[in-house]
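Novice: need a 3D model of the sequence below.
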Amino acid sequence: MHHPPENFKEKEYIQRIRKVLADIHENLSDELSLERLAQIAFFSPFHFQKIFSLYVGESPKQYIMRLRLERIAHYLKLYPELSIGDASFQCGFSSPATFIRAFKKYYGTTPDAFRRLSWDDISKIGILKTKTGKHAAVFPFEFRSMNMTMEEAEGFPSAMDIEVKTVRSLNVAFLESHLGDDDAIPAAFRALTRWAEPRDLISKETRYIGVMLDMPFFTEYEKCRFRACITVPDETPAAKETGLMRIPDGKYATYFFQGTNHDLFRSLINFKHYWLDQSGYQIAEITGFELYEENPAITAYESIHRQVFIPVKPA
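Specialist: This is a model prediction of the structure:
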């Protein structure tokens, strides 16, 4: 969200837009008409489009198109056996021709050519900005190269530090944020804690979890979505202030980590090159997460010891 709440009306609007964002994320392959989204937010289509653009920084159409194209880019590189047609269908494009035109406009190359690019070449691609008509770098400097020297890899988890574990599903309440500023994650956990404590949802058994819905290898860093989560009982009722989701059970490659988000993403590069590519596994379609030893609302995020869980399946 790009526009901070200032009064009750704005907070109410943000809560409605959050429900829309959650619906878009969970149903990205569906027909997401303006009328459907406006109904979820309890606005008229005209009013909804204005409110959404104000708080998200993009129109509903631009936002949905960007998420679909970035998800496809993710699929094309991580799942080489997946056909381009299947990838586009899974991400909500009914017409291959429409998809190819949109992809080429956004990434400056065709899907087939994109799949063949090296990670270094992908990291240099610019996204065509619809408002300015200019190309801008997709990634901050730290993410310009997907390759790491041995010296750069020092300090990140080695293959011996990574295990594959079966994880049981977790029911969580969440607030959605983004990685646009250093305080975004702590602020989201502070707001989540303020919501949970009066409802007696914080205890010694509570687990604090971060879910990154986007990676800066495919999405501009400032637009990468983040969900601040706490575990809650299965019978916890839905609330207008927060969303509810279930982190699915399954196999996850996991390692321990401490550092900034930029360090985390570098560790993921290390994970891919020095473990995943030789492991016999590939990334599974479900979303990974971080498990924190402390609440990021009260402890500096970069100083928290955390466990990274990356969903995997046989290659």
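
Novice: enumerate the beta-bridge partners assigned to I283.
Specialist: V312 (DSSP bridges).

Novice: report the contact partners of D234.
Specialist: Residues near D234 by Cβ atoms under 8 Å, 6 or more residues apart in numbering: N171. Every residue, glycine included, has its C-beta placed from N, CA and C.

Novice: per-residue confidence at it?
Specialist: On pLDDT, D234 comes in at 91.

Novice: distance of it relative to Y252?
Specialist: Applying Cβ to Cβ, to the nearest Å, the value for D234 to Y252 is 21 Å.

Novice: one more: Q282?
Specialist: Q282 sits 13 Å away from Y252, going by Cβ to Cβ.

Novice: any common contacting residues for those two?
Specialist: In contact with both Q282 and Y252: V312, using Cβ under 8 Å, 6+ apart.

Novice: which one's more surrounded, the two?
Specialist: Ranked by neighbour count (other Cβ atoms under 10 Å), Q282 and Y252 place Y252 first, with 21 against 16.

Novice: who are the packing partners of the helix or strand hosting the more buried one?
Specialist: Using DSSP states H and E, Y252 sits within strand 250-257. Judged by 3 or more Cβ pairs under 8 Å, 6 or more residues apart in numbering; DSSP states H and E, the packing partners of strand 250-257 are strand 163-167, helix 261-271, strand 306-314.

Novice: tabulate these (CSV), appending mean neighbour count and distance to D183.
Specialist: CSV is the format used below for the helices and strands packed on strand 250-257 (neighbours: other Cβ atoms under 10 Å; distance: least, Cβ to Cβ, whole Å):
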stretch, mean neighbour count, distance to D183
strand 163-167, 11, 30
helix 261-271, 20, 12
strand 306-314, 18, 18
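
Novice: could you dump those into CSV and include mean pLDDT and distance to A188?
Specialist: As requested, the helices and strands packed on strand 250-257 are arranged in CSV below (pLDDT from 0 to 100; distance: least, Cβ to Cβ, whole Å):
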stretch, mean pLDDT, distance to A188
strand 163-167, 95, 23
helix 261-271, 84, 13
strand 306-314, 94, 15
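
Novice: to A187, which of these lies closest?
Specialist: Evaluated over these, closeness to A187 peaks at helix 261-271, with 14.3 Å, by Cβ to Cβ.

Novice: quick one: residues contacting the one residue sitting closest to the centre of the chain.
Specialist: The residue lying closest to the centre of the chain (Cα atoms, centre = their mean) is L213, at 1.3 Å. When contacts are counted by Cβ under 8 Å, 6+ apart, L213 touches H25, C224, R225, F226, R227, T287.
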